[in-house]
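In: Curious how this folds, go ahead:
(one chain, ligands or ions: 1)
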Amino acid sequence: MAPPQLFDVIVLGAGAAGMMCAAVAGQRGRRVLLLDHNDEPGRKILISGGGRCNFTNVHTAPDRFISANPHFAKSALSRYTPQDFIDLIAGYGIAWHEKTLGQLFCDESARAIVAMLVNECEMGSVTPGFGQPIRDVSHADGRFRVTTGAGVAEAPALVVATGGPSIPKLGATGFAYDLAKYFGLKLVEPRPALVPLTLGPDDALFRDLAGVSAPVRAKAGKGVFDEAALFTHRGLSGPAILQVSSYWRHGEQVAIDFFPQAQSGWLTEAKREHPRATMRSLLARQMPDRLAEALAEKLALAGELANQKDAALAEAERRLSDWRFRPTGTEAFAKAEVTVGGISTAELSSQTMEAKKLPGLYPIGEAVDVTGWLGGYNFQWAWASAQAAGRAL
Ligand code: FDA
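Out: Residues are numbered from 1 along each chain as shown. Alright, predicted model coming up:
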């Protein structure tokens, strides 16, 4: 058998975090091997942001990340900021624009981001090893040994950047968790996040609204988001729902305020201004007709507003501002953009991402229990955690 190839660093996973980390370490003179079982690197980047990659968010701040330790991400995020990534892509002439809520997208294609990262790796003389499954990983005498279909490689440092299990058809796996368990690192239970929620028979009326969308305030757990909700054949989706899904736990309710901007007493006020209106016609002034019809049916206030008691209207107003859904579940990892949970941050240095128990092991990116909101935050965490490790290698 051929002797193992020797490197300073082996990076497992050529996604956002793995490529960035390999490039940084390589450009610092480290001999880096970058492995991925996919034939091409960065597949999630390519499909992200509808093909335009929402690569960061200008409002990046630690409170936009979910983790058992909300302080953990501060160090890496403060040392590699959205502006740092903007400066990097500026050097490649990649044009971008800001959409809503601080989200930055490529003007053209996410391919430009992958091409940039590949070029950064080439500048660091990173050795690519794509299209080969990782058969075995072990550690002895201060060295990590990785066996793939192409052979055996060894290095004193191993970066685990294989992400989370969301969207398996793109090559996503729970490999990082298996490795963490093998090396004795604790996990925070991984759950699908930024994922549509499913509704059961009690909410069948709403599933009939598939395709209808409306601006709402959605709440679940500690998550509160003012964005659009979308009704689907299976339940609820749209940015507001994806955001709260990261905070939602099985068995809990999701509260929807259909009129987050309305003043208290607006329905009784509407009765004075539009006494001939019905509940349905009044709601339809401010939301899609089919949604107005479904909500009016559930409120069961038939007839003109003039004939409704003020107390009944006050109760209807309360329900419209705090409509409760009890999702039966999520659309799972097959449809989840990310994973909440992962390798526990208690095991890692927040400065370098190195495992405290096993020097030389560096979990980064989505594999770690740090999950961003929707809107470019997850890539910013991938870049920042990769930089933190890459500069320490
Ligand atoms: P990532 O998943 O990018 O990379 C992991 C790599 O490891 C992959 O290349 C995979 O093939 C490889 N791998 C996995 N298991 C392996 C194994 N067993 N052996 C070898 N290799 C293995 N975020 C954002 O900020 N803005 C956005 O616009 C979007 N859009 C978006 C759309 C969709 C559809 C999804 C699914 C996700 C997003 N995201 C996003 C989330 C974002 O893609 C995600 O947070 C990052 O890609 C995480 O980067 P990592 O490098 O940690 O993992």
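In: Leaving out chain neighbours, which residue sits closest to the residue of the stretch 251-393 of the chain found nearest the ligand?
Out: Here the stretch 251-393 of the chain gets closest to the ligand at one residue, G365, 2.3 Å apart by C-beta to the nearest ligand atom. The way it works is simple: take the backbone N, C-alpha and C, and place the C-beta from them, glycine included. The shortest distance from G365 to any residue other than its chain neighbours is 2.8 Å, reached at A17 (C-beta to C-beta, 6 or more residues apart in numbering).
In: Tally up the residues packed near the one you found, please.
Out: A count of nearby residues for A17, using other C-beta atoms under 10 Å, gives 33.
In: Would you enumerate the residues in contact with it?
Out: A17 is in contact with A161, G163, I364, G365, E366, A367, A382, W383, S385, A386, counting by C-beta atoms under 8 Å, 6 or more residues apart in numbering.
In: Adding neighbour count, write those out as CSV.
Out: Conversion of the contacts of A17 to CSV gives the following (neighbours: other C-beta atoms under 10 Å):
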residue, neighbour count
A161, 32
G163, 28
I364, 35
G365, 31
E366, 34
A367, 30
A382, 29
W383, 29
S385, 33
A386, 31
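In: Mind checking which of those residues are in strands?
Out: Taking DSSP state E, every one of those sits outside strands.
In: Same list, the residues you listed, but as CSV with distance to R280 and pLDDT please.
Out: Formatted as CSV, the contacts of A17 follow (distance: C-beta to C-beta, whole Å; pLDDT from 0 to 100):
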residue, distance to R280, pLDDT
A161, 53, 98
G163, 46, 98
I364, 52, 98
G365, 48, 98
E366, 44, 98
A367, 49, 98
A382, 47, 98
W383, 49, 98
S385, 50, 98
A386, 53, 98
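In: so which of those would you say is closest to D63?
Out: S385 (17.2 Å; C-beta to C-beta).
In: Can you check what pLDDT the model gives G13?
Out: Confidence at G13, expressed as pLDDT, is 98.
In: Give me the longest helix you can find in this protein.
Out: Among the segments of the chain that qualify as a helix by DSSP state H, the longest is helix 377-392.
In: Give me the distance from that helix to the chain's centre.
Out: Here helix 377-392 is found 15 Å from its chain centre; the criterion is C-alpha atoms, centre = their mean, to the nearest Å.
In: try stretch 314-323
Out: So, by C-alpha atoms, centre = their mean, the centroid of stretch 314-323 is 31 Å from its chain's centroid.
In: same thing with stretch 23-42?
Out: Distance of stretch 23-42 from the chain centroid (C-alpha atoms, centre = their mean) equals 23 Å.
In: likewise stretch 290-300?
Out: 33 Å.
In: who touches that stretch?
Out: Outside stretch 290-300, the residues touching it (C-beta under 8 Å, 6+ apart) are 205-206, 208-209, 212, 214, 231, 258, 278-281, 283-284, 287, 316, 319-320, 323.
In: For it, list every residue counted as buried.
Out: L291, A292, E293, A294, L295, A296, L299 (16 or more other C-beta atoms under 10 Å).
In: what do you get for stretch 187-206?
Out: Across stretch 187-206, burial judged by 16+ other C-beta under 10 Å covers 187-188, 190-199, 203, 206.
In: mean confidence for that stretch?
Out: Rounded mean pLDDT across stretch 187-206 is 93.
In: Please apply the same query to stretch 243-262.
Out: Here the average pLDDT along stretch 243-262 is 97.
In: Report how far apart the opening and closing residues of it are.
Out: Start to finish, the residues bounding stretch 243-262 are 22 Å apart (C-alpha to C-alpha, to the nearest Å).
In: Buried residues, that stretch. List them.
Out: Quick answer for stretch 243-262 (16+ other C-beta under 10 Å): 243-248, 254-259, 262.
In: Could you identify the most distant pair in these?
Out: Among the buried residues of stretch 243-262, S246 and A262 lie farthest apart (C-beta to C-beta), at 26.8 Å.
In: on that earlier part again, filter the buried residues of stretch 243-262 down to just the ones in strands.
Out: Per DSSP E, the buried residues of stretch 243-262 map to strands at V254, A255, I256, D257.
In: ok, and which of the residues you listed reach the ligand?
Out: The subset of those within reach of the ligand, by C-beta under 6 Å from any ligand atom, is empty.
In: Now distance to C121 too, for those, in JSON lines please.
Out: Shown next, in JSON lines, are these (distance: C-beta to C-beta, whole Å):
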{"residue": "V254", "distance to C121": "42"}
{"residue": "A255", "distance to C121": "46"}
{"residue": "I256", "distance to C121": "45"}
{"residue": "D257", "distance to C121": "47"}
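In: quick one, helices of the stretch 151-300 of the chain?
Out: Counting by DSSP state H, counting those that start in this stretch, the stretch 151-300 of the chain has helices at residues 175-182, 204-207, 239-245, 266-273, 279-284, 289-299.
In: could you check the angle helix 377-392 makes with the helix or strand hosting the residue nearest to G365?
Out: A17 is part of helix 16-27 when elements are defined by DSSP states H and E. Per axes from the mean of the first three to the mean of the last three C-alpha atoms, to 10 degrees, the angle that helix 16-27 makes with helix 377-392 is 20 degrees.
In: ok, and does helix 16-27 reach over to the ligand?
Out: Yes - judged by C-beta under 6 Å from any ligand atom, helix 16-27 and the ligand are in contact via A16, A17, G18.
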